[in-house]
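K.L.:
Return a 3D structure for these sequence lines:
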Amino acid sequence: MPSSFSYFDAATAAPLHPVARQALLAALDDGWADPGRLYRDGRRARLLLDAAREAAAEAVGCRPDELVFTPSGTGAVRSGVAGAMAGRRRTGRHAVVSAVEHSSVLHAVADFDVTEVGVDREGLADAEAFGAALRGDTALACLQSANHEVGTLQPVARAAELCRAAGVPLLVDAAQSLGWSAVDGPWSLLAASAHKWGGPPGVGLLAVRKGTRFVPQGPVDENLPAIVAAAASLRAVRAEAQAEAARLSRLVDRVRTRVPQLVPDVEVVGHPALRLPHIVTFSCLYVDGEALLHELDRAGFAVSSGSSCTSSTLVPSHVLRAMGVLSEGNVRLSLPRGVAEEDVERFLEVLPGIVAGVRGHLAADVRPTTTSSGAEGPALVVDSLGKRCPIPVIELAKVIGDVPVGAIVSVLSDDEAARLDIPAWCDMRGQEYVGEQTAPQGAAYWVRRTG
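P.N.:
Numbering: from 1, shown residues only. The predicted model follows:
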């Protein structure tokens, strides 16, 4: 076992901030009573709740009476979507979202008529395209402030202006960004989750600005000690944000630069400049994602992945799919505040050997079959049916040099990830992806050798 362990998964849940711990303990002593009661202990609890609401509202950039606390960030999103759609039910049931929204948003709008606005290969949505998707029956639009998997910042301010001009409220999922800064622009609703910035789990917040048609979705249970800790930690992390963001951004830049130098066949994904300061994501060709994360854990690193190879559904991350980038061997580092530079250096030291070891254990049994489909058909067919990522891509890479330049290799695969990973491999290796063809089983992915 490693002598030390480094937690690099703050985007999932940040470690509890010391201020949150102190505030939580204090609130357990002074905030245990029902804040709705008029006796002394109830009034003391009400003062704590009001102070927490004011502190959180200041960080969000709204009025205290525009903000409520919820039992979770997911609960805040669901309440925000349901309340806004109910408030504008006479307008229609159409919603506009980006294709890379968090699953909580996509699930919340699933029962409505939804238009998904795509993103580019860096995960960035186009604000003008977002505005163009608004219709006369659009009741709500949703756009995250920053992506949870690759860290790309979204053009929320411009999208909010376009939504306001169209008379459509915009809900912003600010779970990943609120601990770093307020969200600019005339947004209408905002949701966030305390455990993303170092507050305790089990606390979300929902801001609904005045003038937004909104139907509250039932009573809200308030865990007062946790709310106090969440608000106190939000204020604390904001006070540290500028200096810590600059430090973490330098470490992330180092990872973005050195990983492709240290490890062959790696794609760093996400926007290089318009991004959160602490998130860096990359994908490794010819690597099983689950095995890679397991080996990194054995080496003392907690990281996460959007790879289909680490999912029980074996379906690629919807974020990576929308971006059109490689999903296999995907690793996301999200550095917590206060992380030591030495921990990042140790990660860079061990990563090349771990990737090489995982690649060495993947033995792809290539079963190519020549075909006589003619000049426009495949010169070689690779049967990868029944094999999961990254085997189809490994088999393709092994045989692409066996056909003449200009000839086509067809890869048969019934793995959903192949639909994303084979085109991404072609883009990385300079080969031409011809397209997906029908096949008796699975699909046939045609690749033309260009050199």
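K.L.:
The stretch 51-200 of the chain: strands as residue ranges?
P.N.:
Taking DSSP state E, counting those that start in this stretch, the strands of the stretch 51-200 of the chain run over residues 67-70, 94-98, 113-117, 138-142, 170-173, 189-193.
K.L.:
Would you mark the buried spots in the third one?
P.N.:
Yep, that's strand 113-117 we're talking about. Within strand 113-117, the residues that qualify as buried are 116-117, counting by 16 or more other Cβ atoms under 10 Å. The C-beta positions use only the backbone N, C-alpha and C, and glycine is treated the same way.
K.L.:
starting at the chain centroid, how far to it?
P.N.:
Between the mean C-alpha location of strand 113-117 and the chain-wide mean there is a distance of 18 Å, by Cα atoms, centre = their mean, to the nearest Å.
K.L.:
residues near the residue nearest to residue 170 when sequence neighbours are not counted, how many?
P.N.:
With sequence-adjacent residues excluded and distances taken as Cβ to Cβ, 6 or more residues apart in numbering, residue 170 is closest to residue 163, at 4.2 Å. By other Cβ atoms under 10 Å, 27 other residues sit near residue 163.
K.L.:
Give me the pLDDT value at residue 163.
P.N.:
You'll see residue 163 listed with a pLDDT of 98.
K.L.:
where does residue 306 land in three-state SS?
P.N.:
Three-state call for residue 306 (DSSP: H, G, I helix; E, B strand; the rest coil): coil.
K.L.:
returning to what we had before: now mean pLDDT and distance to residue 12 too, for the strands of the stretch 51-200 of the chain, in TSV please.
P.N.:
Shown next, in TSV, are the strands of the stretch 51-200 of the chain (pLDDT from 0 to 100; distance: least, Cβ to Cβ, whole Å):
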stretch	mean pLDDT	distance to residue 12
strand 67-70	96	19
strand 94-98	98	20
strand 113-117	98	24
strand 138-142	98	21
strand 170-173	98	15
strand 189-193	98	11
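K.L.:
Contact partners for residue 280?
P.N.:
Applying Cβ atoms under 8 Å, 6 or more residues apart in numbering to residue 280 gives the contacts 151, 252, 255-256, 268, 270, 332-333.
K.L.:
Let me fix that, I meant to ask about residue 210.
P.N.:
Going by Cβ under 8 Å, 6+ apart, residue 210 touches 63, 66.
K.L.:
now with 10 Å?
P.N.:
Residue 210 makes contact with 62-63, 65-66, 188, according to Cβ atoms under 10 Å, 6 or more residues apart in numbering.
K.L.:
Ok, residue 148 next?
P.N.:
11-12, 100-104, 173, 175-177, 196, 276, 279, 304, 306, 319, 332, 334.
K.L.:
Swap in 7 Å and give it another go.
P.N.:
Residue 148 makes contacts with 11, 102, 176, as judged by Cβ atoms under 7 Å, 6 or more residues apart in numbering.
K.L.:
pretty sure residue 445 is touching residue 420, no?
P.N.:
No - in this structure residue 445 lies outside contact range of residue 420 using Cβ atoms under 7 Å: 10.5 Å.
K.L.:
Have a look at these two and say which one is more surrounded.
P.N.:
For residue 445 and residue 420, the more surrounded residue by other Cβ under 10 Å is residue 445, and the numbers stand at 28 against 24.
K.L.:
Need the strands of the stretch 51-200 of the chain in a markdown table (columns: distance to residue 245).
P.N.:
Shown next, in a markdown table, are those (distance: least, Cβ to Cβ, whole Å):
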| stretch | distance to residue 245 |
| --- | --- |
| strand 67-70 | 24 |
| strand 94-98 | 24 |
| strand 113-117 | 28 |
| strand 138-142 | 25 |
| strand 170-173 | 19 |
| strand 189-193 | 17 |
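K.L.:
Quick check: which of the ones you listed is nearest to residue 85?
P.N.:
Nearest of the strands of the stretch 51-200 of the chain to residue 85, taken as Cβ to Cβ: strand 138-142 at 5.3 Å.
K.L.:
in its sheet, what does that closest one sit against?
P.N.:
Partner strands and pairing direction for strand 138-142 (DSSP bridges) are strand 94-98 (parallel), strand 170-173 (parallel).
K.L.:
and the closest residue to residue 129 other than its chain neighbours, what is it in contact with?
P.N.:
The shortest distance from residue 129 to any non-neighbouring residue, by Cβ to Cβ, 6+ apart, is to residue 117 (5.5 Å). Each residue near residue 117 by Cβ under 7 Å, 6+ apart is listed here: 96, 98-99, 125, 129-130, 133.
K.L.:
Repeat that for residue 118.
P.N.:
Contact analysis of residue 118 by Cβ under 7 Å, 6+ apart lists 99, 322.
K.L.:
which residues does the nearest residue to residue 268 once chain neighbours are set aside bridge with?
P.N.:
Closest residue to residue 268 in three dimensions, ignoring its sequence neighbours and counting by Cβ to Cβ, 6+ apart: residue 282, at 4.6 Å. Listed beta-bridge partners, residue 282: residue 268, residue 331 (assigned using DSSP bridges).
K.L.:
my read: residue 282 touches residue 267, true?
P.N.:
Yes - contact criterion Cβ under 7 Å: residue 282 and residue 267 qualify, at 6.4 Å.
K.L.:
More neighbours: those two, which one.
P.N.:
Taking neighbours as other Cβ under 10 Å, residue 282 and residue 267 compare with residue 282 leading, 23 against 20.
K.L.:
Let me see the confidence value for the more buried one.
P.N.:
Residue 282 is assigned 96 on the pLDDT scale.
K.L.:
can you pull the contacts of it?
P.N.:
Counting by Cβ under 7 Å, 6+ apart, residue 282 touches 259, 266-269, 331.
K.L.:
Which one of the residues you listed sits in the busiest neighbourhood?
P.N.:
Tallying neighbours with other Cβ under 10 Å puts residue 331 at the head of the contacts of residue 282, with 27 neighbours.
K.L.:
Could you report the distance from that one to residue 268?
P.N.:
The gap separating residue 331 from residue 268 is 10 Å, by Cβ to Cβ, to the nearest Å.
K.L.:
And for residue 326?
P.N.:
Counting by Cβ to Cβ, the gap from residue 326 to residue 268 is 10 Å.
K.L.:
quick one, helices of this protein?
P.N.:
For the chain, the helices defined by DSSP state H occupy 18-30, 40-60, 73-87, 103-108, 127-132, 156-166, 224-262, 289-298, 318-323, 341-361, 391-399, 418-429.
K.L.:
Could you report the neighbour count for residue 316?
P.N.:
28.
K.L.:
Let me know whether it touches residue 418 as I believe.
P.N.:
No - checked against Cβ under 7 Å, the pair residue 316 and residue 418 is beyond contact range at 9.5 Å.
K.L.:
pLDDT weak spots in the stretch 301-450 of the chain?
P.N.:
For the stretch 301-450 of the chain, applying pLDDT under 70 flags the ranges 308-314, 363-376.
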